[in-house]
Every structure is written in C-alpha cells, then in structure tokens.
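> Fold the following.
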Amino acid sequence: MKTIGRRWITAFGLTLMTAACGSSDAPGTYSVEESPTPIKRRPTPATEFTPVELEATVDDLVAELNELPHESMHAEILLKVVSGFFAPVATAANRAMGELRMTGNVVGRLEEPGDQQMAVKLQNEQIEQTIAGGVDAIGIAPFGEGNATGIDAAVERGIHVVTLDADVATSKRSIYVGTLNEAAGTKAGETLLPMLPPGPGTVIILGNTNPVWVTGMERTKGAQDVFKGTDYETLVIQETLTEMGDEEDTATMKAKIEAADPPVVGMIGMFNEAYRCAMAAEAAGRKDIAIVAFDFDPKTVSYMRKGFIKATHTQRQYYEGYLVPYILYGIKHIGLDATKKILAPLMIDDIRVNTGLDVVTAEQIDAYNDHLDALGVSQ
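Have a look, this model is predicted:
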C-alpha cells in the first residue's frame, strides 16, 4: 500500500489540495466532539433561487438523525478538483462535515488532468489509498465508468459509497447525487429553441463524443434530441479538455461558423467551458447567434453581460457537496432504506437524487450572485 501512496503523490505532486472539514470551514482535520449536542445546520437565507423542497428534505433528514445519539464517523470526499466548478462542492461538503462533527477530508487536484483514461486510473489508485487508510464512507466525483473497479473494491470492504456530479451506473455505489445529465441537456435545448430565428439553420453543440465520459455524452445527446424533427441541424464539436482548450475550440468553432450551410443560428456549451461558444461567435463577428451555456464560470458571466450568451444552466454544485456527507451519515446511522425514504422527494428512482438546475438569464446575473453570496460560495 505504501507504493500506491507514493504513486499518488508522484502523480499529483504539489497540485494536491486538501480541504479538511471543520465547523469554521478552516483547514485542519476536524476532531470529533464527544457531546450529545444535536446536529445544527448553518441557516440558509431564502432567495428566488433557493431550492425549497431540497432544503426541506435536508431538514427532515436532520430531524430523523437527531432522534438518535450522535456517533463518530470518518469519511473522505474525493473530488476531481477543488477549484473552479468544484470549489462550491468542496466548500459545502466541508461545511456539512463540520455540522455533522465528522472526521475526514475533502480532497482533489487544483487542475483536472487532460487525459481521461489516466484520470480514471489515478482516481482508482486514490480510492485504494483511501481504503487502506481506514474510512467508514466515501463520496466521490468519478471521472468515468472505469472507476467502477475502485468503487466496488470499497463497497466489498463494507464502505458505503455515494457518487456526485457524475455517476458510475455499473458500480455498486449506494446513491448518486447531482444533475441528471440527459435531462439537463434536454433543458438546455429547450431553452435555446424558442430563441432561434425560423429555420433552416445549424446549431453547434460544444459537447462530448468520447465514450469514456458517459455522462458527458448523455448531456450532449439530451440537447441533440431536442432538435430532431425540427428545421435545425446539429453539429457536435468535441470539447478540448487540455489547457489549450480555449484557443483550440474557439478556432474550430469559428471555422465551422464561417463554413456552415445552413448558417449557424444557435450554439450550446454543455459544460463549464461554455464561454468558448461566445469566444468563437465573437471571433467570427456573429453576435446575432443565440447562445446558451452551462455553469457560472466568470468568463461565461462576462459574455452574458456583453450580450453574447442569453442564459446559462447552473447545477447547484453547492447542494451536491452539501448533501453527500449528510447522506453518508444517514446510511451509516439509520440505514440505506430509511435514508432513501426521507430523500424520496428528490429521488427519481431507487438510486438517483436530483439536485436540479437553475436557469439564469442575462438579466438575472446580479440576483444569482446574491444567491451565491447567501450560500457563502462563488461559481
């Protein structure tokens, strides 16, 4: 096991970042407080974007957990990265672990590796290292279906596993928490469709065609399917996952915009780098193209303010991170079935907890920023 540990450190080096849980959200390992004090959530100010049903469901779970004495628990939350898109996830998971007086850490890289298959391999090694260190439960944002091996190894050791952000449907994980990707893609297509001029026309989708990234393909397919049987053709561009992605994807899409027949009338960016669609439209001198995006990256917000992006779809990363420790604690202390029963209002089947989407228009940017400030995060 020492070899695995060294390989992990070698692979991730100084880019490894650990956000250890604690009631103050400050770095350092949280020490279990031997006290009968009930679980107390940090108050969540209400805004127009507050998911009322989700908040009520967490309150119901806390009420049930407080019927029993507090018990210690050690969990690890393994994220792809702890920066950018995953920063609110890390903050929220850390906060929830502190409220639960749970020991453990929120761990991830500072930058996502560009090679998907290598990322899967390294994450499996990280899971193995976590198992060897001793843990009651694991929350994980997996890189792909290849992580089923590592997840199943944990489950076989009696460790409960909950996936977040991306699911591994072939694994033995207990629950998935996050966006339902195909439905999210469908929602993006439905947001764009009424913005388009009469057809014929081409819609460029900056998405995923790599079968290793199943959830990326699901979201992309959801958007494509909206335009079947309409007067609009879809053209999927594989998003570049390297540091050169902005430059490469902008150049590729600019060329497609200039050559498209019928002309490009709409674009959808399916992931956090959706702003690249606006960069391409701007480079091609086509501010008339209707563009919708995903997530709330600062570059996306900037292009919304400039009038290039009409709306974006945010994934409630904060709530993904916040729910996972509570679910893991519930599974350990009241059981999986009892936990699922309480989560039923959020579950679309026996496995998946849907955290939902916020559709934010260009006119709602400031209101959404206020909502994020109320949560104590930025996206």
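> Dihedrals phi and psi, the residue nearest the centre of the chain?
In the chain, the centroid-proximal residue (CA atoms, centre = their mean) is residue 165; its distance is 3.5 Å. Residue 165 has phi and psi values of phi 70, psi -50 when expressed as degrees, to the nearest 10.
> Would you enumerate the residues in contact with it?
The contact partners of residue 165, taken as CB atoms under 8 Å, 6 or more residues apart in numbering, are 80, 86, 89, 141, 178-179, 315, 317, 320. Heads up, the C-betas are built off the backbone N, CA and C, glycines and all.
> Excluding chain neighbours, give the residue nearest to it in space.
residue 141 (4.2 Å; CB to CB, 6 or more residues apart in numbering).
> was I right about that neighbour contacting residue 93?
No - judged on CB atoms under 8 Å, residue 141 makes no contact with residue 93 at a distance of 10.0 Å.
> Overlap of the contact sets of these two?
Joint contacts of residue 141 and residue 93 (CB under 8 Å, 6+ apart) are residue 79.
> more neighbours, the two?
residue 93 (30 against 25; other CB atoms under 10 Å).
> is it true that that one lies in a helix?
Yes - secondary structure of residue 93 (DSSP: H, G, I helix; E, B strand; the rest coil): part of a helix.
> And what about residue 286, helix, strand or coil?
Relying on three-state DSSP, one would call residue 286 coil.
> isn't it right next to residue 264, touching?
Yes - taking CB under 8 Å as the definition, residue 286 is a contact partner of residue 264 at 7.1 Å.
> what is in contact with those two at once?
Residues touching both residue 286 and residue 264 (CB under 8 Å, 6+ apart) are residue 257.
> Of these two, which one has the most company?
The neighbour comparison of residue 286 against residue 264 (other CB under 10 Å) goes to residue 264, with 26 against 18.
> My guess is that one contacts residue 257. True?
Yes - Residue 264 is within contact range of residue 257, at 4.8 Å (criterion: CB under 8 Å).
> list residues touching both of the two?
204, 286, 289.
> Quick check: phi and psi at the second one.
Here the main-chain torsion angles of residue 286 (degrees, to the nearest 10) amount to phi -120, psi 70.
> List the buried residues of stretch 64-71.
For stretch 64-71, a neighbour-count test (16 or more other CB atoms under 10 Å) marks 64-65, 70 as buried.
> so which of these would you say is closest to residue 122?
residue 65 (34.2 Å; CB to CB).
> Spatially, what comes nearest to the closest one if we skip its sequence neighbours?
Per CB to CB, 6+ apart, closest to residue 65 is residue 39, 5.8 Å.
> Look at that neighbour and give its secondary structure.
Going by three-state DSSP: residue 39 is coil.
> Equivalent analysis for residue 68, please.
Secondary structure for residue 68, judged by three-state DSSP, is coil.
> Quick check: pLDDT value at the nearest residue to it once chain neighbours are set aside.
Spatially, and ignoring its direct neighbours in sequence, residue 68 is nearest to residue 333 (6.1 Å; CB to CB, 6+ apart). We have a pLDDT of 95 for residue 333.
> count of residues packed around residue 333?
17.
> again with the one 3 residues further on
Look at residue 336: counted by other CB under 10 Å, it has 14 neighbours.
> And it, how close does it get to residue 203?
Per CB to CB, to the nearest Å, residue 336 is found 42 Å from residue 203.
> what do you get for residue 259?
15 Å.
> do residue 158 as well
Going from residue 158 to residue 203 by CB to CB gives 48 Å.
> Between those two, which is the more surrounded one?
Using other CB under 10 Å, the more surrounded residue of residue 158 and residue 203 is residue 203, with 27 against 8.
> Need the phi and psi values for the more buried one.
Note on residue 203: its backbone torsions stand at phi -110, psi 120 [degrees, to the nearest 10].
> now it, which residues is it bridged with?
For residue 203, the residues forming beta bridges with it (DSSP bridges) are residue 234, residue 266.
> Next, the contact list for it, please.
192, 196, 227, 232-235, 264-268 are the contacts of residue 203 under CB under 8 Å, 6+ apart.
> where's it relative to residue 117, distance?
Taken as CB to CB, the span from residue 203 to residue 117 is 30 Å.
> Over to residue 242?
Residue 242 is 14 Å from residue 117, by CB to CB.
> Please apply the same query to residue 325.
29 Å.
> Over to residue 245?
Distance, residue 245 to residue 117, by CB to CB: 18 Å.
> Ok, residue 310 next?
36 Å.
> Settle it for me: which of the two has more neighbours?
In this view residue 310 and residue 117 are compared by other CB under 10 Å, and residue 310 has more residues nearby, 17 against 13.
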